[in-house]
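> I'll drop the sequence and a predicted model, then ask my questions.
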Amino acid sequence: MKTKSDRIMIFDTTLRDGEQCPGASLNHREKLEIAQQLARLNVDVIEAGFPIASPDDFRAVKSVAEQIKGPSIAGLARCLNKDIERCAEAVAPAGKKGRIHVFLATSPIHRQYKLKKDKAEILKQAAASVGYARKLCEDVEFSAEDASRTEPDFLAEVTRTVIDAGAATVNIPDTVGYAIPTEFGALIAFLFEHVPNIRQAVINVHCHNDLGLAVANSLAAVQNGAGGIECTINGLGERAGNCALEELVMALRTREALCHATTGIHTRELFKTSRLVSRLTGMVVQRNKAIVGANAFAHEAGIHQDGILKERSTYEIMRAEDIGIEGSDLVLGKHSGRHAFADRLAKMGFRLKAEEQERAYNRFIDLADKKKTIYDDDLVAIARDEMEDVAGIYVLDYLHVSTGTKTVPTATVRLKKGEEIIQDAACGDGPVDAALMTIDRITGIKGKLLDYNLQAVTVGKDAQGEVSIRVAFGADIISGKAASTDIVQASAAAYLSCVNRLLHSRAGVGKKK
Ligand code: KIV
Ligand code: ZN
């Protein structure tokens, strides 16, 4: 029986596959902020983007490679020389920690319909690309896209070939989230039996969550020899997302005796990382999400509460502290000074610029006038709003709505754009609709609301409401968030933040699209 745990490599692809999640695109500063937090979390590899995809992606990978110390920094490339060269240039500043990650589809469906290539051509292209990438970078990974739907014998042949060509890591993706755990575990075991040189490389897996099995499939792979897991924070990613890093890591840690595997992750950074990614991508974490959801450690039932008070392990398999969730108690009052406020935000992982800090402090003082109790979560909501680095284009200066059972909902909105002040009014089918219509009239940009989500930031009738929205402006889909004790104001501010982000992206200031 195995007694020693294997150290599993955690390859985080939040900034690449995670960012492919519709509506979750990030600007340059946001990508760097997430990369810094991933380094604090101590992931082994950060996949920072797909350098050939756009100039913004290239710049992001290059900046991450320049500035982030600790993890290896990977960039994605198709098995094409122009992709590989661009990727090599982007990861070069990371020196020995730079990695080129090339991928090529191997399954019959992809070979026939997408690539129109036979097996021999795939083997040739994979080997040539790995060989070429090795000339430009010491650390090369190969991914057999749609591996789980590839004939196992052919997948074994591909794996052997790319290891011979110099790949130090071979990734076996379940690209369309089709596998189930027993089957996927058996595929990894099959490769270990049939690829003679397999121990010269690390075998990664990269599971998508279309059937809700990404974490289960990744665990099955670990139990059958996989040495690395590709995953994302909060399970973000294409379609239903990728394996959620926080779930995988805590499953390995909680059930180490069975899985015989550990990671280097500093688990106390997990909650903070999840919050940061949710805030910057605008992708809300569902309350009952495992590990990082608001309810993950909340015990509602009397029997459970009684058990917990007697002995925590009766109903708790993990400790909230181990994930970095601290009590959400009263922290500050309206007499708290700037220093205490800044200190508290810094302890929660926020790094605000001086002007953002000042705006956030003023908001906090306003809130303390309106609200009896200020919680950490209130401060997080304020800091999130004020860290909007695109806040400067249009600023909400004044909002008045009139609404009621026998009134046509009407909004008057005043926006500031630099020195200019623009005011207008419009009616809508409710106060939020009226406010957003007025913003459209002022800015001349028409957005279509795709999602609208309102959540209380904390408990109590005086809680701030946090509005998260996704808006389509033609083909551009943008997410925004804002909080206020007035939910119409929060809605208008969230919408305005989408407009500002759109304008920045169209001006090429940060967004990819
Ligand atoms: O899902 C997938 O197959 C991928 C590869 C590019 C690794 O994201
Ligand atoms: Zn993927």
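Thanks, I have the structure now. Ligands and ions are numbered 1, 2, ... in the order given.

> Now do the buried residues in the helix or strand residue 500 falls within.
Assigned by DSSP states H and E, residue 500 belongs to helix 487-506. Going by neighbour count (16 or more other C-beta atoms under 10 Å), the buried part of helix 487-506 is 487-505. All C-beta spots, glycine's among them, are computed from the backbone N, C-alpha and C.

> averaged over its residues, what pLDDT does that helix have?
Computed over helix 487-506, the mean pLDDT rounds to 90.

> Please name the residues that touch the nearest residue to residue 430 once chain neighbours are set aside.
Excluding the flanking residues, the one nearest residue 430 by C-beta to C-beta, 6 or more residues apart in numbering is residue 409, at 5.2 Å. In this structure, residue 409 makes contact with 401, 402, 403, 427, 428, 429, 430, 431, 433, 434, judged by C-beta atoms under 8 Å, 6 or more residues apart in numbering.

> What is the helix or strand that contains residue 205 packed up against?
Here residue 205 is covered by strand 202-207, with elements defined by DSSP H and E. Judged by 3 or more C-beta pairs under 8 Å, 6 or more residues apart in numbering; DSSP states H and E, strand 202-207 is in contact with strand 9-12, strand 169-174, helix 181-194, helix 214-223, strand 228-231.

> how far does it sit from the chain's center?
Per C-alpha atoms, centre = their mean, to the nearest Å, the displacement of strand 202-207 from the mean C-alpha position of its chain is 19 Å.

> Then stretch 209-218?
Averaging C-alpha coordinates over stretch 209-218 and over its chain gives two centres that are 17 Å apart (C-alpha atoms, centre = their mean).

> residues in the stretch 51-200 of the chain within reach of ligand 1, list them.
Listed as neighbours of ligand 1 in the stretch 51-200 of the chain under the rule C-beta under 6 Å from any ligand atom: 103, 143, 145, 171, 173, 175.

> Please identify which of the contacts of residue 409 is nearest to residue 473.
When those are compared for distance to residue 473 (C-beta to C-beta), residue 433 comes out closest, at 17.0 Å.

> pLDDT value on the closest one, please?
On the pLDDT scale, residue 433 is placed at 96.

> quick one, phi/psi of the nearest residue to it once chain neighbours are set aside?
The shortest distance from residue 433 to any residue that is not its chain neighbour, by C-beta to C-beta, 6+ apart, is 7.0 Å, and that residue is residue 409. Torsion angles at residue 409 (phi, psi; degrees, to the nearest 10) stand at phi -60, psi 130.

> Kindly report the same for residue 291.
Taking degrees, to the nearest 10, you get phi 70, psi -50 for the backbone angles of residue 291.

> try the one 3 residues further on
Here is the backbone geometry of residue 294 (degrees, to the nearest 10): phi -60, psi -30.

> correct me, but it touches residue 287?
Yes: the pair residue 294 and residue 287 passes the contact test of C-beta atoms under 8 Å, sitting 4.6 Å apart.

> Please say which of the two ends up with more neighbours.
Using other C-beta atoms under 10 Å, the more surrounded residue of residue 294 and residue 287 is residue 294, with 15 against 11.

> Could you check how far the more buried one is from residue 204?
When C-beta to C-beta, to the nearest Å is the yardstick, residue 294 and residue 204 sit 32 Å from each other.

> swap in residue 321?
According to C-beta to C-beta, residue 321 and residue 204 sit 30 Å apart.

> Tell me which of those two has more neighbours.
residue 204 (25 against 13).

> Now do the contacts for that one.
Residues counted as contacts of residue 204 (C-beta under 8 Å, 6+ apart) are 9, 11, 141, 169, 170, 171, 172, 226, 227, 228, 229, 230.

> for the stretch 201-350 of the chain, which spans come out with low pLDDT?
Along the stretch 201-350 of the chain, the model assigns pLDDT under 70 to residues 299-302, 304-305, 308, 326-331.

> Check it for the residue nearest ligand 1 and tell me.
Across the stretch 201-350 of the chain, the shortest distance to ligand 1 (C-beta to the nearest ligand atom) belongs to residue 206, at 5.0 Å.

> residue ranges with poor pLDDT in the stretch 401-513 of the chain?
Under the criterion of pLDDT under 70, the regions of the stretch 401-513 of the chain flagged as low confidence span 459, 508-513.

> residue ranges of the helices in it, please?
In the stretch 401-513 of the chain, helices defined by DSSP state H, counting those that start in this stretch lie at 431-443, 487-506, listed in chain order.

> again with the stretch 201-350 of the chain
214-223, 245-254, 256-259, 270-281, 302-310, 320-323, 338-347.

> Switch these over to JSON lines; also include distance to ligand 1.
What follows is the helices of the stretch 201-350 of the chain, written out as JSON lines (distance: least, C-beta to the nearest ligand atom, whole Å):
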{"stretch": "helix 214-223", "distance to ligand 1": "10"}
{"stretch": "helix 245-254", "distance to ligand 1": "15"}
{"stretch": "helix 256-259", "distance to ligand 1": "23"}
{"stretch": "helix 270-281", "distance to ligand 1": "17"}
{"stretch": "helix 302-310", "distance to ligand 1": "39"}
{"stretch": "helix 320-323", "distance to ligand 1": "27"}
{"stretch": "helix 338-347", "distance to ligand 1": "35"}
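
> for the ones you listed, which one ends up most surrounded?
The highest mean neighbour count among these belongs to helix 214-223 (a mean of 26), with neighbours defined as mean count of other C-beta atoms under 10 Å.

> roughly how far out does that one sit from the chain middle?
Counting by C-alpha atoms, centre = their mean, helix 214-223 is centred 20 Å from the centre of its parent chain.

> got the CA coordinates for that helix in PDB?
As requested, C-alpha coordinates have been extracted for helix 214-223 and formatted as PDB (Å, rounded to 0.1, in the frame of the first residue of the first chain):
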ATOM      1  CA  ALA A 214     -14.700  18.000 -13.900                       C
ATOM      2  CA  VAL A 215     -13.500  17.700 -10.300                       C
ATOM      3  CA  ALA A 216     -14.500  14.000 -10.000                       C
ATOM      4  CA  ASN A 217     -12.700  13.200 -13.300                       C
ATOM      5  CA  SER A 218      -9.600  15.100 -12.200                       C
ATOM      6  CA  LEU A 219      -9.500  13.100  -8.900                       C
ATOM      7  CA  ALA A 220      -9.900   9.800 -10.800                       C
ATOM      8  CA  ALA A 221      -7.000  10.900 -12.900                       C
ATOM      9  CA  VAL A 222      -4.900  11.600  -9.900                       C
ATOM     10  CA  GLN A 223      -5.700   8.200  -8.400                       C
END
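
> strand partners of the strand holding residue 205, parallel vs antiparallel please.
Within its sheet, and counting by DSSP bridges, strand 202-207 is paired with strand 169-174 (parallel), strand 228-231 (parallel).

> Throw the ones you listed into TSV and include distance to residue 81 and mean neighbour count, thanks.
Formatted as TSV, the entries for those read as follows, by distance: least, C-beta to C-beta, whole Å; neighbours: other C-beta atoms under 10 Å:
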stretch	distance to residue 81	mean neighbour count
strand 169-174	20	26
strand 228-231	24	29
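
> any chance of those strands in TSV, with distance to residue 249 too?
TSV is the format used below for these (distance: least, C-beta to C-beta, whole Å):
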stretch	distance to residue 249
strand 169-174	18
strand 228-231	8
